[in-house]
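# Predicted model and sequence below, questions to follow.
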Amino acid sequence: MNRPRRVPWLHGGAVALVCLLVACGPAAPPAPTAAPPKPTTAAAAAPTSAPAAAPTSAPAAAAKPAATVAPAKPPAPTAAPAAAAAGEPIRGGSITVVHSNNPRSLNPRMDGGIDGNFIMTHVRERFLGINEKGDIVPVLATEMPQRPDPLTYIFKLRQGVQFHDGSPFTAEDAQYSFNIFLDEKTAFSGNYRKFIRNTEVVDPFTFRINMKSPWPDFLSDMANNSGLGILPKGALEKYGDDYGVKVVQGTGPFMFREWIKDDRLVLVRNPNYWQTGLPYLDQIIFKPIPEESVQVINLRTGAADVLLDVPFKEAKALESEPGIRVLTHGAGVLEELMYNTLVPPFNDTKVRQAVALAINRQEIADTVFLGYAEVPTDLLPSWHWGHDPSSKAPEYNPEKARQLLTEAGYGPSKPLKFEIRCTNQPMFVDQAILIQAQLAKLGIEVTVTPMDKTLFFAPMFREAGSDPKSWQAGLEDYGFTTATFSFVWEQYSADSTINTANYNMPGGFQNPEAAKVIEQAAIETDETKAKAIFKQEYAMLEADMPLTRLSFLQNVQAVRSRVKNISALVGDNYPFMYAWVDKN
Amino acid sequence: MVLRYIARRLVMVVPVVIGVTVVVFTLIRLAPGDPVQAMLGENPDPQVAVLRRRALGLDQPLPVQYGIWLARTLRGDLGRSLFTREYVTTLIFDRAPTTISLAGLSMLVAIGIGVPAGVLAATRKDSWSDNLSRLLAMLGVSMPVFWLGLILIIVFALNLRLLPAGGSLDQNGPSALVLPAIALGASFAALIMRLTRSAMLEVLVQDYVRTARAKGLHEYTVNYRHALKAALIPVITVIGFQTGTLLGGAVLTETIFALPGLGRLLTSSINARDYPVILGSVLAVALVFVFVNLVVDVLYALLDPRIKYQ
């Protein structure tokens, strides 16, 4: 929304009232608490981006995970992106982080929504996590799991870790938590019930997971699924309905203090955190403000220190604003135009290829996303280890598109007509309208139909009661986790529930060779071999074109300059664990 | 007589409130999406979704669900939030002070500006002050509350740094309400000004006003003690009617200014399809609306003894 600049009329009476109320305005902000002693040099060096960089644990030789994760690097400390420039960390202080939506719930059985999940990663830690490079790293596990056979995962757990209530973390707590994850009442339990047979406490710090069948994505899910935070044994029974509202327990760097829905959620420093010296901040206040322009004003006035998700047009303006830094980082959000290969015209490969050739993706990245996006040149975004830097941008060739359309039987006398559906958010509608204009140059007649998210997804996900043949093309984004598996498998495999194109599914476009390569891409653990498979898969997908990858979006955050050592990280990381504030 | 009238009106509240809840209950069920989807995220596991729906009673026919809700409500139990398990009554009572303060302050802004400006405009009809007041009133009525809210934030919070751009009362104190109250009260003030002006113009030519002047009373006394009292009848009627608009405006205002009031509770619960909270909030707002209208009707008699209750 454009911010109007006109000065409003104000009635004299109102001015008087304003003055009166300003006079009895807010109390001065509370004086900062006494600053704790400065961290030692060692502690200062501790803030690395790898959550598992425990000072006490030597990086053990990591077992190879089944999923295509970053080749199981040990959790060696890597320099936090802004650390070098940030100077000596100062302990203490509070920051206010503004975001858009209330957490839906903080109960581990429910999906907390994007904001809730992000906040809870600071409170409830998982066995595994993701670092800023997208690698899977151990957190509450001391190393990547041992795999004596394909159906067994043995996790060595970190010792000396305490929950926020002071109780020690052991494998008993892990088993209690996994019983919740495996409970059919838990939101994300589907795959866990499908693949996991049972869990065993081998000893207080060894935990074993026995699978029913291989789950290639298991470790990726464990590293990315914020619902998998470990909670102390008996927590849900002990706190009942208060759990997730008045109490949240975990082992994370910050402890839950209070949640006043629609107003604030407050986390405070965990003084007993297992990574000695961390975190630096005493307090984080998360403040939900639905209106984007008001979020930005809060940042400009200093009422907020961090905006988690900055609208692109606001980011451009903030870039030149003194006292504010705009942070960008590649992310896993892919904008895409999906084709339903069950129905005409997209059951014809030539039509899919023609439409892809006629879309100017760079124009979309530049105009709709104001440059905060990159045109995908292969299956993976440029920051990802699996990305091929030599890959070229996809071809934009309207003439070739016209030729393909002619071969498919379309032309001036019989123009190609189809509908692009999208959810009714401006970002999607804008992209769809731009594509409509681009395709119109070739005489393709596109109808853009914005609709409610639920109605949009139901036929794509083949939900009961919906008609999977009721749509032709859909424009959406897919919020991939940072897991490689998501990029190379989830939207293309016939076994995936979100294969919206019905690619290699009954009635949809078939390419058995590609299907094999897609499954290989999901399980290959050798980096060199994996890269070769990705390349092969990409070539096949470009030929079959079940969907057109339009843009990889960037994470854009804005912070006030006093907040140091924070970066726009890739996934559900701990960006505030290493942050500190300059009190000068 | 007044008590009997009040009792009769209170009885009439029942069908009004039931009607409102039936409409809201039906509308939110017709809207796409349901709380189970919000709880489980996109593309939920079908088995988990079925279990959740059953556990929440959402697999029952709509009339049965409504009947269960109504029976519980009549016992004073509005249920719990589907997401946080907080009691709806607790949520409403926690949020009500913010919305009541906002509505009250907005009303104060509206009456404090609208009535004197209306009297001034009427007593100086066709003068420059009358024309200016009418122009400003036109502007006030035309400006949408969210637009004015943003302008106020930009001017007073961003440029002048005089007031906070919203936030809760316990964090920012009463000043958190100033801009929202002006934003919400501005259009209402304009409406009251125009009504007061036209009502005053009618009253000022009445015989009893002329008589008062002939008796040598001070102009202020004539205008404010004799004329205004009679002119306020239609103004008070509109204030009653506009309470609903004010509460509706509070939804927008609280969203823009991030005020954790009833309006914000309603919008966030609608987004999450938190049915018990939606119904409880709407019920609370409907009751307030009916109650305020009742108070307005009773006030008539106090202001104008010619009005009798039947």
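Ah, there it is.
# Was I right to think residue A:550 contacts residue A:361?
Yes. Residue A:550 lies in contact with residue A:361 (Cβ atoms under 8 Å); the separation is 5.5 Å. Just so you know, the C-beta spots here come from the backbone N, C-alpha and C atoms, and that holds for glycine as well.
# More neighbours: those two, which one.
Taking other Cβ atoms under 10 Å in any protein chain shown, residue A:550 and residue A:361 do not tie; residue A:550 has more neighbours (26 against 23).
# Name all residues that make contact with residue A:194.
Residues near residue A:194 by Cβ atoms under 8 Å, 6 or more residues apart in numbering or on different chains: A:212, A:215.
# so it, which of the three states?
The three-state assignment at residue A:194 reads helix, by DSSP: H, G, I helix; E, B strand; the rest coil.
# which neighbours do residue A:550 and residue A:361 share?
The contact sets of residue A:550 and residue A:361 overlap at A:375-376 (Cβ under 8 Å, 6+ apart).
# Phi and psi next, for whatever residue of the stretch 51-200 of chain A ends up closest to chain B.
Residue of the stretch 51-200 of chain A nearest chain B, by Cβ to the nearest Cβ: residue A:190 (3.0 Å). Main-chain torsions, residue A:190, degrees, to the nearest 10: phi -50, psi -60.
# Got the confidence number for residue 80?
You didn't say which chain, so I picked chain A. According to the prediction, residue A:80 has pLDDT 42.
# other chain: chain B
Reported pLDDT for residue B:80: 92.
# so who does the closest residue to it other than its chain neighbours touch?
Leaving out its chain neighbours, the residue that sits closest to residue B:80 by Cβ to Cβ, 6 or more residues apart in numbering or on different chains is residue B:87, at 5.6 Å. Contact analysis of residue B:87 by Cβ under 8 Å, 6+ apart lists B:78-81.
# near chain A, which residues of the stretch 1-150 of chain B show up?
B:32-33, B:37-48, B:51-52, B:55, B:80, B:83-86, B:91, B:95, B:108-109, B:112-113, B:116-117, B:136, B:139-140, B:143, B:147-148, B:150 (Cβ under 8 Å from any Cβ of the partner chain).
# and those residues, which are buried?
By neighbour count, with 16 or more other Cβ atoms under 10 Å in any protein chain shown, the residues of the stretch 1-150 of chain B next to chain A hold B:37-41, B:44-45, B:48, B:51-52, B:80, B:83-84, B:86, B:91, B:95, B:109, B:112-113, B:116-117, B:136, B:140, B:143, B:147-148, B:150 as buried.
# Among those, which ones are in helices?
Counted as lying in helices by DSSP state H, out of those, are B:37-40, B:48, B:51-52, B:91, B:95, B:109, B:112-113, B:116-117, B:136, B:140, B:147-148, B:150.
# How much space separates the nearest residue to residue B:117 once chain neighbours are set aside from residue A:398?
Nearest-residue entry for residue B:117: residue B:193, 4.5 Å, with adjacent residues in sequence omitted and distances by Cβ to Cβ, 6+ apart. From residue B:193 across to residue A:398, the span is 60 Å (Cβ to Cβ, to the nearest Å).
# which one of those two has more residues nearby?
Using other Cβ under 10 Å as the criterion, residue B:193 and residue A:398 rank with residue B:193 on top: 29 against 16.
# Thought residue B:112 was touching the more buried one, still the case?
No. The pair residue B:193 / residue B:112 is not scored as a contact, 11.0 Å apart, by Cβ under 8 Å.
# from the stretch 1-150 of chain B, which residue is nearest to chain A?
For the stretch 1-150 of chain B and chain A, the shortest gap (Cβ to the nearest Cβ) falls at residue B:45, measuring 3.0 Å.
# Quick one: neighbours of the closest residue to residue A:145 other than its chain neighbours, just the number.
Of all residues not flanking residue A:145 in the chain, residue A:153 sits nearest, at 4.2 Å (Cβ to Cβ, 6+ apart). Residue A:153 has 27 neighbours, counted by other Cβ under 10 Å.
# ok, residue A:153 touching residue A:141?
No. The pair residue A:153 / residue A:141 is not scored as a contact, 9.8 Å apart, by Cβ under 8 Å.
# list residues touching both of these two?
With Cβ under 8 Å, 6+ apart, residue A:153 and residue A:141 have no common neighbours.
# From residue B:144, how far off is the residue nearest to residue B:117?
18 Å.
# Give me the secondary structure label for the residue nearest to residue A:145.
Reduced to three states by three-state DSSP, residue A:153 is strand.
# Contacts only, for it.
Residues in contact with residue A:153 (Cβ under 8 Å, 6+ apart) are A:145-147, A:208-209, A:211, A:218.
# 10 Å - rerun?
Contacts for residue A:153 (Cβ atoms under 10 Å, 6 or more residues apart in numbering or on different chains) come out as A:63, A:65-66, A:127, A:141, A:144-147, A:196, A:199, A:207-211, A:215, A:218-219, A:222.
# cool, and residue B:271?
Counting by Cβ under 10 Å, 6+ apart, residue B:271 makes contact with A:101-102, A:104, A:113, A:290, B:33, B:38.
# in which helix or strand would I find it?
helix B:262-272 (DSSP states H and E).
# And the helix or strand following that helix, how far out from the chain middle?
Going down the chain from helix B:262-272, the next helix or strand is helix B:275-303, by DSSP H and E. Going by Cα atoms, centre = their mean, to the nearest Å, the spacing between the C-alpha centre of helix B:275-303 and its chain's C-alpha centre is 9 Å.
# residues of helix B:275-303 that come out buried?
Neighbour-count burial for helix B:275-303 [16+ other Cβ under 10 Å]: B:275-286, B:288-290, B:292-294, B:296-297, B:299-300.
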